[in-house]
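In: quick one, what's the 3D model for this:
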Amino acid sequence: MSENLTAAPEQDPESVPEVDPATPLTMPADGVPDVIDTPEALAEAAARFAQGTGPVAADAERASGFRYGQATYLAQFKREGAGLILIDTDAVSDLSSFGEALGDAEWIFHAASQDLPGMHDLGMHPAAVFDTELAARLLGWPKVGLAAVVERELGLALAKEHSAQDWSTRPLPQSWLIYAALDVEILIELRNGIHQHLADAGKLEWARQEFEAVRLAPPATPRVDPWRRTSGSHQIRDPRGLAIVKCLWEARELEAQRRDTSPGRILRDAAIVAAAQAKPASFDELVAIREWQSKGTRRRAREWYAAVEEAMALHEKKLPPRRGPAGDGPPQPRMWKDKRPAAAARLTHARDGIQKLVDEHTVPAENLLQPDALRRTCWEFRPEATPGQDEAWIRDFLASRGARQWQIDLTTPVLVEAFATAAAAVESDDAGEPEA
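Out: Numbering: from 1, shown residues only. Have a look, this model is predicted:
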């Protein structure tokens, strides 16, 4: 350390506010129940939950990074008057009867968008949702992970050491079951506290609209050219190298599906990209690559080399283009000034206006208005096409992009003002340019 650095002044211990340590939450109040793994046990639980009262705490555990896809392997629920249950969804995969037994009860999730697709696959479709993570975002809380939110609201320390486990493991270790049970143990109490915060902040209606949008969200659209998302593939510039990435990715995908294993556990992205860079002309050249010398990768290298050969044999006309299919959105904002200066000015002023709303309402910009919707609105706006109808056009366009009513009501006046300011600035710049 440099000797001329000034040391921080010592603080008076009495002037430092004391922070009560969070109380560790180590076991559900009523212990960990036996895992439900038969239709009979599920029917009994459904009847019990149908007689329960109030909202239902819900969570799901997957085996991301271990199994192919995002299937749910354990589902957890809790309701007042019904207790807490754990369901082995590998053994009992149709939970539609359980979902029907809950009727119109509200389901509480933390990050509902992650768990709802799996719930749908199990035959369950909640009538209403409360998302504690999304609510924390709307409240402007800096940390929105479950452990952080629980500690902030309830003063409890929730361990997260089993969050990345292989939940397809059978039998599940007792420590994992405790972890899974604790994830729903406190969700009802957490929901009630956060609900009050939303009401106090005047954001309860915002939250209701957001929760409903998550509940009704359609399944994700399949990606075009998903192989282009191979980590590190942006380094590959030539079509032949991209063909190797594509062929290896597709071969790995088929093998991963067949073995029900995460693709990355079969062949690492780094190995795919290294092969694309080297373009090996023989099997020996492939296994000489550093990323291909691990025992597991080398063992199946003969099979992977067939995919490399396929890519190397492709006719030039069949090689993938350097760039993927163009999306339907506007170009990158850095290009707007040359392509559409008025749109660039609108985006600059709109971002300034949105930031003021962010500061005023203490809500992240991406929750105030989806960035893609903001960019498209600035790009597509044509004042000459609908003279005098700026506000109506903006409202309709935002609605067409999935903006919720509260977002439209809050941001439209700001965008109208920003667009007018941008138009005046562009006119001023044009007027100030010297004649050719």
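In: contacts, neighbours, all on C-alpha from now
Out: OK.
In: span of stretch 49-67 from start to end?
Out: 31 Å (CA to CA, to the nearest Å).
In: who's in contact with it?
Out: 70-82, 101-103, 105-110, 115, 118, 164-168, 180, 183-185, 187-188, 260-262, 264-265 (CA atoms under 8 Å, 6 or more residues apart in numbering).
In: before we move on, what about stretch 138-149?
Out: By CA under 8 Å, 6+ apart, the list of residues contacting stretch 138-149 reads 110, 133, 136-137, 157-160, 197-198, 201, 203, 207, 362-364, 367.
In: can we see that at 10 Å?
Out: 110-111, 132-137, 150, 152, 154-160, 183, 187, 190, 194, 197-198, 201-204, 206-207, 210, 358-359, 361-364, 367-368 (CA atoms under 10 Å, 6 or more residues apart in numbering).
In: what residues of it count as buried?
Out: Across stretch 138-149, burial judged by 16 or more other CA atoms under 10 Å covers 138-141, 144, 146, 148-149.
In: mean confidence for it?
Out: Here stretch 138-149 scores 96 as its mean pLDDT.
In: what of stretch 303-311?
Out: 97.
In: and that stretch, what's buried?
Out: Quick answer for stretch 303-311 (16+ other CA under 10 Å): 304-305, 307-309, 311.
In: mind listing the helices for the stretch 201-350 of the chain?
Out: Per DSSP state H, counting those that start in this stretch, the stretch 201-350 of the chain has helices spanning 204-215, 239-259, 263-266, 269-278, 283-287, 295-299, 301-313, 336-339, 341-361. These are given in chain order.
In: just put those helices in CSV and tack on distance to Gly31.
Out: Formatted as CSV, those follow (distance: least, CA to CA, whole Å):
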stretch, distance to Gly31
helix 204-215, 31
helix 239-259, 36
helix 263-266, 35
helix 269-278, 42
helix 283-287, 53
helix 295-299, 42
helix 301-313, 49
helix 336-339, 59
helix 341-361, 41
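In: what comes up buried for the least confident helix or strand in the chain by mean pLDDT?
Out: None of the helices or strands of the chain scores lower by mean pLDDT, DSSP states H and E than helix 405-432, at a mean of 88. By neighbour count with 16+ other CA under 10 Å, helix 405-432 contains the buried residues 405-408, 411-419, 421-423, 426.
In: just the angle for it relative to helix 341-361, thanks.
Out: Between helix 405-432 and helix 341-361, the angle comes out at 140 degrees (axes from the mean of the first three to the mean of the last three CA atoms, to 10 degrees).
In: helix 405-432 packs against which elements?
Out: helix 204-215, helix 341-361, helix 365-368, helix 371-380, helix 390-400 (3 or more CA pairs under 10 Å, 6 or more residues apart in numbering; DSSP states H and E).
In: between helix 371-380 and that helix, find me the angle.
Out: Using the same axes, to 10 degrees: helix 405-432 against helix 371-380 is 40 degrees.
In: how far off centre is helix 405-432?
Out: Helix 405-432 has its C-alpha centroid displaced from the chain centroid by 31 Å (CA atoms, centre = their mean, to the nearest Å).
In: what would the buried residues of stretch 303-311 look like in JSON lines with distance to Asp238?
Out: Listed next are those as JSON lines, based on distance: CA to CA, whole Å:
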{"residue": "Trp304", "distance to Asp238": "20"}
{"residue": "Tyr305", "distance to Asp238": "19"}
{"residue": "Ala307", "distance to Asp238": "17"}
{"residue": "Val308", "distance to Asp238": "15"}
{"residue": "Glu309", "distance to Asp238": "17"}
{"residue": "Ala311", "distance to Asp238": "12"}
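In: looking at those residues, which one is closest to Pro24?
Out: In terms of CA to CA, no member of the buried residues of stretch 303-311 lies closer to Pro24 than Trp304, at 48.5 Å.
In: and the closest one, how far is that from His125?
Out: 41 Å.
In: what do you get for Pro325?
Out: Following CA to CA, the distance that separates Pro325 from His125 is 35 Å.
In: more crowded one of these two?
Out: The neighbour comparison of Pro325 against His125 (other CA atoms under 10 Å) goes to His125, with 19 against 9.
In: hmm, that one is touching Asp115, no?
Out: No - look at His125 against Asp115 with CA atoms under 10 Å: they stay out of range, at 11.3 Å.
In: domain parsing for the chain?
Out: The chain breaks down into these domains under automatic domain parsing: 23-215, 226-318, 333-432.
In: may I see the buried residues of the helix or strand hosting Gln76?
Out: In the assignment (DSSP states H and E), Gln76 maps to strand 72-80. Neighbour-count burial for strand 72-80 flags 72-79 (criterion: 16+ other CA under 10 Å).
In: okay if I get those as CSV plus pLDDT and distance to Leu248?
Out: What follows is the buried residues of strand 72-80, written out as CSV (pLDDT from 0 to 100; distance: CA to CA, whole Å):
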residue, pLDDT, distance to Leu248
Thr72, 97, 28
Tyr73, 98, 29
Leu74, 98, 32
Ala75, 98, 35
Gln76, 98, 38
Phe77, 98, 41
Lys78, 98, 45
Arg79, 98, 48
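In: number of residues surrounding Glu151?
Out: As a burial measure, Glu151 scores 17 neighbours (other CA under 10 Å).
In: what's the nearest residue to it if we skip its chain neighbours?
Out: Distances taken as CA to CA, 6 or more residues apart in numbering put Ala157 closest to Glu151, at 5.6 Å, once the chain neighbours are dropped.
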